[in-house]
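1. from the sequence below, what's the structure:
(one chain, ligands or ions: 2)
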Amino acid sequence: MENIVWHDHHVTMNERAALKEQKPCVLWFTGLSGSGKSTIANAVEAKLLEMGKHTYLLDGDNIRHGLNKGLGFSDEDRIENIRRIGEVAKLFVDAGEIVLTAFISPFRSDREQVRSLVGAGEFIEVFIDTPLAVCETRDPKGLYKKARAGEIPNFTGIDSPYEAPEMPEVHIRNDNIPVEEAAMQVIDYLETKGHLNA
Ligand SMILES: Nc1ncnc2c1ncn2[C@@H]1O[C@H](COP(=O)(O)OS(=O)(=O)O)[C@@H](OP(=O)(O)O)[C@H]1O
Ligand SMILES: Nc1ncnc2c1ncn2[C@@H]1O[C@H](COP(=O)(O)OP(=O)(O)O)[C@@H](O)[C@H]1O
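-> Ligands and ions are numbered 1, 2, ... in the order given. Below you'll find the predicted structure:
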């Protein structure tokens, strides 16, 4: 960009992360509305906190009230939503945090774009794989009912697409397991990859 120069900082990500005794990353939860992204991300964050890890959770509804206020659910707005969240997640990784994000993020190319923003091994795609029928039965906010009645256009899974991950780092089949077990799948992955004891 013209007349804008990138500044290198004196303190590096590795130095910040070393203080926290962890290897920073983004845990990118993706799945249908009602699949369990928020519930499982919260459970994972609680476990990480117990372990003394430094985390930050970026959650769908909250971000849309602030940073991304004004964005709707057209394809174009969803792409911009995920682009901004990706950039914020990257900043938190640079700060040395373990970042958790819980957004539908329906498009594969947008998720891959976020992956390309951070270093190798720092983007961990967590697919919350819950059949549409189960999400629709749960329907905690009554949104599927409204979408089926034609009151919410472009609803994911109904009249707007969801592109499932092809090779997620963590694949959680969340139709019939306790939340605790789902959260442990993520914690186990982080442990195996050395994120919790750097
Ligand atoms: N049209 C439509 N489609 C899907 N979801 C809708 C829609 N309108 C409102 N909502 C509510 O918004 C939440 C999804 O926001 P996200 O920012 O995660 O969506 S996206 O990643 O930009 O696709 C989603 O929250 P979750 O249920 O937590 O996923 C819904 O509560
Ligand atoms: N493993 C699970 N077992 C039972 N209920 C679950 C499980 N995971 C999520 N739920 C329930 O499903 C509903 C949707 O979960 P939520 O985390 O809000 O989904 P999302 O963030 O993907 O929209 C909530 O009522 C939640 O309590």
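
2. mind listing what's buried in the lowest-mean-pLDDT helix or strand in the chain?
-> Considering only helices and strands, the least confidently modelled element of the chain by mean pLDDT, DSSP states H and E is helix 60-65, at a mean of 86. When neighbours are counted by 16 or more other Cβ atoms under 10 Å, the buried residues of helix 60-65 are found to be 60, 63-64. Quick note: C-beta positions are derived from backbone N, CA and C, even for glycine.

3. again, but for stretch 189-198
-> By neighbour count, and taking 16+ other Cβ under 10 Å as the criterion, the buried residues in stretch 189-198 are 190, 195-196.

4. measure that stretch end to end?
-> Chord length of stretch 189-198, first to last residue, is 14 Å (Cα to Cα, to the nearest Å).

5. tell me how many other residues crowd Met51.
-> The burial count assigned to Met51 is 14, neighbours taken as other Cβ atoms under 10 Å.

6. sorry, slip of the keys, the one I care about is Glu169.
-> For Glu169, the tally of surrounding residues (other Cβ under 10 Å) stands at 17.

7. what of the one 4 residues further on?
-> Residues lying near Arg173 (other Cβ under 10 Å) number 13.
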